[in-house]
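> Need a 3D model of the following:
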Amino acid sequence: MTDGVMYERGACRNYMVIPCPGKLRSSEYQYRMLEENRIDGILPFSRRFIDDAVFLYYDVTSKQKLTAVFRERTIGGESLRAFLRQLASAGSALAGYLLDTRRLLLDPEMIYYDLTEEKYSFTYYPELTEESRPAVFGYLAARADPADPEAAGILQQLRDMAEEEDFLFTEELCDRLLRPEEKNGTAGEPAGDFPGDRADWKEDAVYREDLYSNEPWQDRTAGFSSYEEEDGAVPEAAAQISAAAEKGGKDRLAGMVRWLPPVAAATGVMLIAASLTVLRDEYSSRTCLASGAVLLTTGMILLLRKVLRGIRNQGIKSFAIPWKRKNKEEQRDPWDGQEDLWSGGGDTDLPVWPERGSEWTGPRPSGEPYAAAPVTHKNGAKLEGAEMTCAELPEDVPIRLYGSGKARGQTIDLENLPCTVGKLSEYADAVLDAPSVSRMHVRFSRNARGELVMKDLNSTNGTFRNGLALKPEEEVRIERGDVIRIGALEFFCR
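Next up is the predicted model:
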């Protein structure tokens, strides 16, 4: 099924494209339900008709394949429970729209994960007719955490069940695997809705989890003591809420103060105009004129002070008129240059367009030295900086990426491969904390022939080799002398 899959990068969106057979076999009802509704846990898609062929475009923006997430990681109990719960929930959501859950593509290459929301998205293919075995359970079983025998046992059961005919993963099966005590029950104990109605309420509550929590259950007895036992828990929570409310109040106050100068100036203009045109009484007219002059003068002074401070901190270009700057951007090549328009940080994968006319700050052809500073790795190690020139380096010198422009002073060591580059330290080997860099952006490795290659990991702002953009999930060979751009950060391969 994955052989004919293609990947395309659109305007601010990335797509996984699956071709359909010449004549659609599925009913129009399925396509309408999927196109007009956003089903929780299912990748949204749309049909496109190109040269008498039908293609399904699945939106996979800011998501990573399951194979990319667990390529070098093991799956433990908490991660497994989150995956199975969300898979069962997606199946139930499909059933709610009268859609066949057997047409879910349970292939690890077709399942995506949002690193920010910690949610899985599954691919629904209406044209799936042949019997396909869910390969995802075998894939995860091979990556089960050896320190978690419970997770390994569940995956082993699922892998064996998936080999049977008419296998279907349902919420009932999920509950039976994750809550074995509910299946057996306690004799004579009615199963009420409230956990305290059953004798095994503590055991049952252990398996409850918040799929979006960063701190899953660690202790089987944690979370069941009363407020008296958890001394200080309530005051601490109240303090956190109070601090958050205070911060929000300060932000709102700062936003109101920011608008005072233009509001004062506009009010002054209105008062002056009223005194000259509307008011006929001499005393009222003079009073209104004087008040308007004071407000206008105060507002203009505050605006001028703000402008001068901004010019001192950010430069005069930061005060370009927004609509003129937008028209100028539309007339130029959006990827020409290396500066990005973001002036601050932030954890976002929104597109960052480079700025034109940035000055060359990288290594000079004349051979002058370039001081390379370390870049942080997730294992805490620091790459040593080194002076180098653009002259030809010996083959035994490890290949590195040396940054220029906004990336000046950063290096990425390509000796220990594979190496994943991104801004989320939990999943990246080399961390680049920049707005234009995705959480998992690009991976460097060696192919079967031993060649150094890089692969775009469905990044939002793209990966470039010598000015040519890679498609999502595309893999290309790189060598010394190449210019690599990761988002808006430019590096030289030496």
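> Could you pull out the buried residues of stretch 426-441?
The neighbour-count check on stretch 426-441 (16 or more other C-beta atoms under 10 Å) flags 427-432, 434-441 as buried. Heads up, the C-betas are built off the backbone N, CA and C, glycines and all.
> In strands, which of those appear?
Ala430, Val431 (DSSP state E).
> Which members of the buried residues of stretch 426-441 are the farthest-apart pair?
The span of the buried residues of stretch 426-441, defined through C-beta to C-beta, is set by Asp429 and Pro435 at 20.2 Å.
> Closest one of the buried residues of stretch 426-441 to Asp100?
Met440 (32.3 Å).
> what's the spacing between the closest one and Ser79?
Distance from Met440 to Ser79, counting by C-beta to C-beta, to the nearest Å: 16 Å.
> and if you look at Gly91?
19 Å.
> Compare the two and say which is more crowded by neighbours.
Just comparing Gly91 and Ser79: by other C-beta atoms under 10 Å the higher neighbour count belongs to Gly91, 23 against 19.
> Nearest spatial neighbour of that one, chain-adjacent residues omitted?
Thr101 (4.4 Å; C-beta to C-beta, 6 or more residues apart in numbering).
> Can you give me the pLDDT of that neighbour?
With respect to pLDDT, Thr101 scores 89.
> so it makes contact with Ala95?
Yes. Thr101 is within contact range of Ala95, at 6.1 Å (criterion: C-beta atoms under 8 Å).
> between those two, who's got more neighbours?
Shown here are Thr101 and Ala95; by other C-beta under 10 Å, Thr101 has more neighbours (18 against 13).
> Contact partners for the more buried one?
Gly91, Leu94, Ala95, Leu168, Thr170 (C-beta atoms under 8 Å, 6 or more residues apart in numbering).
> buried sites along the helix or strand Arg81 falls within?
Per DSSP states H and E, Arg81 falls inside helix 77-96. Using 16+ other C-beta under 10 Å as the test for burial, helix 77-96 gives 77-91, 93-94.
> For it, give the mean pLDDT please.
94.
> Now tell me what touches that helix from outside.
39-42, 75, 100-101, 104, 106, 118-120, 122, 124, 140, 144-145, 148, 150-151, 154-155, 169-171, 173-174, 177-178, 207, 209, 211, 216-217.
> where in the chain is pLDDT low?
1-2, 25, 129-132, 180-255, 312-397 (pLDDT under 70).
> Going along the chain, name the helices of it.
28-36, 66-69, 77-96, 135-141, 149-162, 171-178, 180-184, 201-206, 233-258, 260-277, 282-314, 322-331 (DSSP state H).
> Most tightly packed of these?
Highest mean neighbour count among those (mean count of other C-beta atoms under 10 Å): helix 135-141, with a mean of 21.
> neighbouring contacts of it?
Contacts of helix 135-141 (C-beta under 8 Å, 6+ apart): 66-67, 70, 75, 80, 83, 106-108, 111, 152, 155-156, 158-159, 161-162.
> Over to stretch 290-305?
260-275.
> Specify which member of those residues is nearest to Gly22.
Pro262 (61.3 Å).
> Please report how far the closest one lies from Leu308.
Distance from Pro262 to Leu308, by C-beta to C-beta: 16 Å.
> Then Ser445?
51 Å.
> do Ile39 as well
From Ile39 to Leu308 the distance is 53 Å (C-beta to C-beta).
> what does Met33 give?
Counting by C-beta to C-beta, the gap from Met33 to Leu308 is 58 Å.
> again with Pro435
Pro435 is 27 Å from Leu308, by C-beta to C-beta.
> ok, now Gly153?
68 Å.
> Then Gln30?
For Gln30, the distance to Leu308 - C-beta to C-beta - is 62 Å.
> and if you look at Glu415?
For Glu415, the distance to Leu308 - C-beta to C-beta - is 49 Å.
> do Asp3 as well
Distance from Asp3 to Leu308, by C-beta to C-beta: 62 Å.
> ditto for Arg47
55 Å.
> for Asn447, same thing?
From Asn447 across to Leu308, the span is 56 Å (C-beta to C-beta).
> buried ones in stretch 119-134?
Across stretch 119-134, burial judged by 16+ other C-beta under 10 Å covers Lys119, Tyr120, Ser121, Phe122, Thr123, Tyr124, Tyr125, Pro126, Glu127, Leu128, Pro134.
> for those residues, which one is nearest Glu475?
Among the buried residues of stretch 119-134, and counting by C-beta to C-beta, the member closest to Glu475 is Thr123, at 21.2 Å.
> what's near enough to touch that closest one?
Listed by C-beta under 8 Å, 6+ apart, the contact set of Thr123 reads Met16, Ile18, Ile42, Leu43, Tyr58, Leu104, Leu105, Asp107, Met110, Ile111, Tyr112.
> Restricted to strands, list these.
Judged by DSSP E, the subset of those located in strands is Met16, Ile18, Tyr58, Tyr112.
> Can you add distance to Ala293 and neighbour count and give these back as a markdown table?
Below are the ones in strands among the contacts of Thr123 laid out as a markdown table (distance: C-beta to C-beta, whole Å; neighbours: other C-beta atoms under 10 Å):
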| residue | distance to Ala293 | neighbour count |
| --- | --- | --- |
| Met16 | 63 | 24 |
| Ile18 | 68 | 21 |
| Tyr58 | 62 | 23 |
| Tyr112 | 62 | 24 |
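> quick one: which two of the residues you listed are the most distant?
Within these, Ile18 and Tyr112 form the most distant pair, 13.5 Å apart (C-beta to C-beta).
> Assess the claim that Gly22 and Ala53 are in contact.
Yes. Between Gly22 and Ala53 a contact is recorded at 7.5 Å, counting by C-beta under 8 Å.
> With neighbour numbers in mind, choose between those two.
Ala53 (11 against 8).
> what's the closest non-adjacent residue to that one?
Pro19 (6.5 Å).
> swap in Cys493?
The nearest residue in space to Cys493 (C-beta to C-beta, 6+ apart) is Asp482, at 4.4 Å.
> Let me see the contact set for that neighbour.
By C-beta under 8 Å, 6+ apart, the contact list for Asp482 reads Arg465, Asn466, Phe492, Cys493.
> now do 6 Å
By C-beta atoms under 6 Å, 6 or more residues apart in numbering, Asp482 lies in contact with Arg465, Asn466, Cys493.
> Could you check how far it is from Leu432?
18 Å.
> repeat for Met6
28 Å.
> now swap in Thr123 and tell me
30 Å.
> ditto for Gly487
In terms of C-beta to C-beta, Gly487 sits 8 Å off from Leu432.
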